[in-house]
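**Q** the sequence and its predicted three-dimensional model are supplied below.
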Amino acid sequence: MKKVLLIGVIALLAVLAACGGGPSGGPGSAGAEPTAAASANGEVQLDDELSVYNWEDYIDEQILRDYEERYGVRIVYDTYASNEDLLTKLQAGAAGYDVIFPSDYMVTQMIELGLLAEIDVSAMPNFANIGAEFKDPPYDPGNRFCTPYQWGMTGIAYRNGRFEEPPDSWAYLFDPAKLAELAPEGINVLNDQRELLSAALFYLGYSPNTTERAELEAARDLILAAKPYWKTFNSEDYYSTLMVSDEIVLSHAWSGDAAQAFWATYDDETGEGNWLFTVPKEGAVRYQDNVCIPASSRRQATAQHFMNYLMEPEVAAAITNFTFYPSPNEAAKEFIDPDILNNPGIYPPAEVRAKMQWLTDVGDAVFIYDEMWTAIKGQ
């Protein structure tokens with residue numbers, strides 16, 4: 001039986017587990033079968049296939065198989081590592097995807113670029129299960145384009161027993177004195193433009209949504225100075241390939257991934273896992289991922305049907321029980337593992353939430369972010 005971790009005086013401990021390519025000319029592209037349509041009795045006639053493009057380890061694939069068996073729709077499933085990877089693929093003309101899972105700020109950008117199809121939540125009965133605080137978000141007023149999927153936070157995962165005090169500051173990623181000590185044991189940072197720049201901006205005392213070139217250049221320089229000390233840039237499978245194997249001692253991490261590493265190394269005798277999680281005192285990112293339909297999809301009715309399925313209470317609970325990220329689905333709570341639901345490492349208390357900020361669209365400053373990221377990855 002999984003036991004609940006407690007939040008320490010200083011640190012928020014993580015507890016349960018995690019938060020590509022695709023058919024650019026495959027299902028859903030020109031020449032594919034027509035999208036689902038309403039039959040004479042008003043029921044949706046589902047397409048034979050649906051292409052779903054999601055983050056790595058962000059759904060129990062049994063949920064996909066259950067949908068296939070229940071509705072006779074074959075799901076073509078693929079994964080990506082970051083919002084920017086997803087955006088790049090869609091902008092490059094990939095037209096084969098029907099359902100995608102972008103984060104909050106990326107939804108805004110995709111709407112502005114005309115990459116998302118409008119949806120009708122009134123045609124999704126299960127949308128009523130979503131909690132009020134997660135509806136009508138500022139990045140998608142009225143939920144015209146997306147429905148909420150999961151939410152979480154970004155912080156620092158660290159090896160249990162290695163630190164006398166929890167590393168509750170971004171200094172552990174950027175301070176040369178701390179880096180020199182930890183580098184021989186291995187440090188990973190997320191290979192994610194907004195997340196890594198945000199960590200540096202928080203540490204410097206700036207907004208993670210700044211549009212000021214000077215502040216972004218300062219963040220770039222901080223990252224470049226720290227980069228030689230880091231072992232890896234990995235945001236896709238770091239918890240399994242680096243954390244569980246103890247190849248590193250500290251990682252910039254999403255809360256659910258840190259939790260997955262905790263449970264993958266959990267010892268029933270000691271009641272402990274090898275990995276814990278903390279939200280840095282300078283502040284951290286809170287995010288919400290969403291289910292959306294690319295404008296290029298030719299299976300939009302089937303995609304909306306699948307979106308409604310993901311909001312069924314039992315299905316939403318199964319997602320959280322697998323990913324260990326908190327669900328925005330209120331009706332799912334009775335089916336979520338109590339150890340997850342009552343764990344402040346997953347559903348953080350008010351004082352922890354107060355330290356977190358949403359990432360928002362930065363408008364034309366996105367080009368400055370891209371410039372900084374190119375410099376970071378190129379040196």
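**A** Received it, and whenever you're ready, just let me know what you need.
**Q** who's the closest residue to residue 100 other than its chain neighbours bridged to?
**A** Leaving aside its sequence neighbours, residue 100 sits nearest to residue 53 (CB to CB, 6 or more residues apart in numbering; 5.0 Å). Bear in mind the C-beta positions are built from the backbone N, C-alpha and C, glycine included. On the basis of DSSP bridges, residue 53 is bridged to residue 78, residue 100.
**Q** ok, now which ones touch residue 53?
**A** With contact set as CB atoms under 8 Å, 6 or more residues apart in numbering, residue 53 has these partners: 20, 22, 78-80, 86, 89, 97, 99-101.
**Q** give me the distance between it and residue 61.
**A** Going from residue 53 to residue 61 by CB to CB, to the nearest Å gives 14 Å.
**Q** now residue 332
**A** According to CB to CB, residue 332 stands 19 Å off from residue 61.
**Q** higher neighbour count, those two?
**A** residue 332 (24 against 12; other CB atoms under 10 Å).
**Q** next one: that one from residue 105, what distance?
**A** 25 Å.
**Q** helices along the stretch 101-250 of the chain, start to end?
**A** Counting by DSSP state H, counting those that start in this stretch, the stretch 101-250 of the chain has helices at residues 104-112, 171-174, 176-182, 193-204, 213-226, 238.
**Q** and these: which comes nearest residue 133?
**A** For residue 133, the closest of those is helix 104-112, at 13.4 Å, according to CB to CB.
**Q** which elements pack onto the closest one?
**A** helix 83-91, strand 284-292 (3 or more CB pairs under 8 Å, 6 or more residues apart in numbering; DSSP states H and E).
**Q** show residues contacting the first one.
**A** In this case it means helix 83-91. Helix 83-91 is contacted from outside by 20-22, 24, 53, 80, 97, 100, 102-103, 105-106, 109-110, 113, 115, 192-194, 294, 296, using CB under 8 Å, 6+ apart.
**Q** wait, residue 97 touches residue 298, no?
**A** No - using CB atoms under 8 Å, residue 97 is not in contact with residue 298, being 10.8 Å away.
**Q** who has more neighbours out of those two?
**A** Between residue 97 and residue 298, counted using other CB under 10 Å, the more crowded position is residue 97 (28 against 21).
**Q** and the nearest residue to residue 118 once chain neighbours are set aside, how far from residue 330?
**A** Spatial nearest neighbour of residue 118, excluding adjacent residues (CB to CB, 6+ apart): residue 144 at 5.5 Å. Separation of residue 144 from residue 330 (CB to CB): 22 Å.
**Q** okay if I get the helices of the stretch 101-250 of the chain as TSV plus distance to residue 306 and mean neighbour count?
**A** Formatted as TSV, those follow (distance: least, CB to CB, whole Å; neighbours: other CB atoms under 10 Å):
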stretch	distance to residue 306	mean neighbour count
helix 104-112	18	21
helix 171-174	38	21
helix 176-182	43	15
helix 193-204	27	23
helix 213-226	38	17
helix 238	29	27
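**Q** residue 127 is nearest to which of those helices?
**A** helix 104-112 (16.2 Å).
**Q** so that closest one versus helix 83-91, what angle?
**A** 20 degrees (axes from the mean of the first three to the mean of the last three CA atoms, to 10 degrees).
**Q** restricting to C-alpha, output helix 104-112 in CSV.
**A** Extracted C-alpha coordinates of helix 104-112, given in CSV (Å, rounded to 0.1, in the frame of the first residue of the first chain):
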residue,chain,number,x,y,z
ASP,A,104,-1.8,27.0,-21.1
TYR,A,105,0.6,29.6,-22.7
MET,A,106,0.9,27.5,-25.8
VAL,A,107,-2.9,27.4,-26.3
THR,A,108,-2.9,31.2,-26.6
GLN,A,109,-0.1,31.1,-29.2
MET,A,110,-1.8,28.3,-31.2
ILE,A,111,-5.1,30.2,-31.2
GLU,A,112,-3.4,33.3,-32.5
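**Q** roughly how far is that helix from the heart of the chain?
**A** 15 Å (CA atoms, centre = their mean, to the nearest Å).
**Q** tell me the angle it makes with helix 193-204.
**A** Using the same axes, to 10 degrees, helix 104-112 lies at 130 degrees relative to helix 193-204.
**Q** what angle separates helix 104-112 from strand 284-292?
**A** Using the same axes, to 10 degrees: helix 104-112 against strand 284-292 is 40 degrees.
**Q** tell me the mean pLDDT for helix 104-112?
**A** Averaging pLDDT along helix 104-112 gives 94.
**Q** what does that helix rub up against?
**A** Contact with helix 104-112 is made by 83, 86-87, 90, 102, 116, 137, 139-140, 145-146, 194, 287-290, 292, 358-362, 366, as judged by CB under 8 Å, 6+ apart.
**Q** check stretch 126-136 too.
**A** 121, 142-143, 147-148, 151, 288, 308-309, 311-313, 316, 328-332.
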